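In: Mind folding the following:
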Amino acid sequence: MRRQQLPPCSSGIFWQIERGDTLYKIAQAVNVSLDELIEANPNVDPENLQIGQYICIPAGGQPLPNLKKLPDCPQGIFWEIAPGDTLFNIAQQNNISVQSIIAANPGIDPNNLRVGQFICLPVD
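Out: Modelled structure (predicted):
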């Protein structure tokens, strides 16, 4: 199962932590202040970043290949598409309907899911 609850992020832009990352290095890479980055991630422990963890990049951050723009997902949970995933099996695993997934992800092509793509799973 590849569900992830990501932190709220008004810009919708996330950085995935890699080995050696620090908030200071990330702030420099995306051209925002360290204070702005910390403020955008109040539940992140700067001394305990986890590889694979996603943090929010504040609005105005410089776009880089390591950044992921995710769909809006208020009160939902993100699902990262894995090999073999279909909307039908994702819906079954999460006890929701395919139609509710499609409604929560306008513009998604149900027949062209990409490995690593994030979709929003609505939560009641």
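In: now the helices for the chain?
Out: 23-30, 34-40, 87-94, 98-104 (DSSP state H).
In: Just send these back as TSV, with mean pLDDT too.
Out: Converted to TSV, the helices of the chain look like this (pLDDT from 0 to 100):
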stretch	mean pLDDT
helix 23-30	91
helix 34-40	93
helix 87-94	92
helix 98-104	91
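In: now those helices as TSV including distance to residue 110 and mean neighbour count?
Out: For glycine as for every other residue, the C-beta is placed from the backbone atoms N, C-alpha and C. Converted to TSV, those look like this (distance: least, C-beta to C-beta, whole Å; neighbours: other C-beta atoms under 10 Å):
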stretch	distance to residue 110	mean neighbour count
helix 23-30	33	17
helix 34-40	32	16
helix 87-94	5	15
helix 98-104	7	15
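In: so which of the ones you listed gets nearest residue 11?
Out: Nearest to residue 11 among the helices of the chain is helix 34-40 (7.9 Å), distances taken as C-beta to C-beta.
In: For that closest one, which helices and strands make contact with it?
Out: Helix 34-40 sits against helix 23-30, strand 54-56, with contacts defined as 3 or more C-beta pairs under 8 Å, 6 or more residues apart in numbering; DSSP states H and E.
In: The closest residue to residue 123 other than its chain neighbours: how many residues sit nearby?
Out: Spatial nearest neighbour of residue 123, excluding adjacent residues (C-beta to C-beta, 6 or more residues apart in numbering): residue 76 at 5.4 Å. Residue neighbour count, defined by other C-beta atoms under 10 Å, stands at 18 for residue 76.
In: Check whether residue 76 really touches residue 118, as I assumed.
Out: No: shown here, residue 76 and residue 118 do not form a contact pair, counting by C-beta atoms under 8 Å, at 10.7 Å.
In: Tell me how many other residues crowd residue 119.
Out: Residue 119 has 23 nearby residues by other C-beta under 10 Å.
In: pretty sure it contacts residue 107?
Out: No: using C-beta under 8 Å, residue 119 is not in contact with residue 107; the gap is 10.7 Å.
In: any idea how far the residue nearest to residue 59 when sequence neighbours are not counted lies from residue 41?
Out: Of all residues not flanking residue 59 in the chain, residue 11 sits nearest, at 4.3 Å (C-beta to C-beta, 6+ apart). Going from residue 11 to residue 41 by C-beta to C-beta, to the nearest Å gives 12 Å.
In: If anything else comes up later, I'll come back, but that's it for now.
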